[in-house]
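**Student:** Sequence below, structure please.
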Amino acid sequence: MSLVSIAGLVAVGVIAFVTTNLDDMVVLLAFLADPRYRTRPVILGQYLGFTGTVVISVGMAAAASRIPPAWAGLMGLIPLAIGVRRLLSWGHLSDADDTPAHPRHTQVVTVTLVTIANGGDNIGLYTTLFAVSKPASVAGLAAVFYLMLALWCRLAHLLVRHPLVAAQLRRRGHLVVPWLYIALGLWLLARARGLLA
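**Tutor:** Just a heads-up that it's a prediction; the model follows:
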């Protein structure tokens, strides 16, 4: 794999992660800001939940591997549709529904389940990326995702100490995310058509 290919893989991995986890940042902020939750269980739950979405995505991509590559690349329509839907709805990020509904659950289990439940976009996009990638690229993407997750958790921990920054993220994040989805969808469609190496 050339240096250019590695740089491209890292760029796609970073964009895919940020696109699918901006709303999850709000979930993390909500848990970390809640005095009933400790930082370590929240971070562990985040890792477990994220791992669940990656495992599901790999499984779904493996099933999709029996589809001809050109057809699998059409799965780029998924992030494209998500981006267009978000542009049309101009919805806003909200953490109102992400507070623990069942206090009897442990903190780790609660955060894990919320992370998986909030990971529909992750699964849709990661499945698409994994389905059109070679095994080495899948491993590379997964490595980028986990490095980004470590940065994401650290950033959330810092942001929760700055309420004004967190408020800006809630108010403006929805303006950027749809365009990132659309860009990734177009990249996958172009790759399926052989326009990208």
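
**Student:** Tell me the secondary structure of Arg36, please.
**Tutor:** coil (DSSP: H, G, I helix; E, B strand; the rest coil).

**Student:** typed the wrong thing, it's Arg161
**Tutor:** Per three-state DSSP, Arg161 ends up coil.

**Student:** so how far is Val144 from it?
**Tutor:** 27 Å (C-beta to C-beta, to the nearest Å). Just so you know, the C-beta spots here come from the backbone N, C-alpha and C atoms, and that holds for glycine as well.

**Student:** How about Gln46?
**Tutor:** 17 Å.

**Student:** between those two, which one's more packed in?
**Tutor:** Gln46 (25 against 19; other C-beta atoms under 10 Å).

**Student:** Name the secondary structure element that contains the more buried one.
**Tutor:** Using DSSP states H and E, Gln46 sits within helix 39-64.

**Student:** List the buried residues for that helix?
**Tutor:** Within helix 39-64, the residues that count as buried by 16 or more other C-beta atoms under 10 Å are 41-54, 56-58, 60-61, 64.

**Student:** for the residue nearest in space to the middle of the chain, what are its contacts?
**Tutor:** Centroid-nearest residue in the chain: Thr20, 2.9 Å away (criterion: C-alpha atoms, centre = their mean). By C-beta atoms under 8 Å, 6 or more residues apart in numbering, Thr20 lies in contact with 119, 121-122, 125-126.

**Student:** And for Ala150?
**Tutor:** Counting by C-beta under 8 Å, 6+ apart, Ala150 has no contacts.

**Student:** Please report how far it lies from Ala131.
**Tutor:** In terms of C-beta to C-beta, Ala150 sits 26 Å off from Ala131.

**Student:** need the next SSE after the lowest-mean-pLDDT helix or strand in the chain, C-terminal direction.
**Tutor:** Taking mean pLDDT, DSSP states H and E as the measure, helix 69-73 is the helix or strand of the chain with the lowest mean score, a mean of 58. Sequence order places helix 77-89 as the next helix or strand after helix 69-73, per DSSP H and E.

**Student:** Show the average pLDDT along that next one.
**Tutor:** For helix 77-89, mean pLDDT is 76.

**Student:** And it, what does it pack against?
**Tutor:** Helices and strands touching helix 77-89, by 3 or more C-beta pairs under 8 Å, 6 or more residues apart in numbering; DSSP states H and E, are helix 120-131, helix 163-192.

**Student:** Could you tell me the least trusted of those helices?
**Tutor:** Among those, helix 163-192 carries the lowest mean pLDDT (a mean of 68).

**Student:** ok, back up a step: which two of the contacts of Thr20 have the greatest separation?
**Tutor:** Pairwise distances across these peak at 10.1 Å for Gly119 and Leu125 (criterion: C-beta to C-beta).

**Student:** Show me which of the two is the more surrounded one.
**Tutor:** Higher neighbour count among Gly119 and Leu125: Leu125, with 25 against 22, using other C-beta under 10 Å.

**Student:** The more buried one against Leu77, yeah?
**Tutor:** No: applying C-beta atoms under 8 Å as the test, Leu125 and Leu77 come out as separate, 11.6 Å apart.
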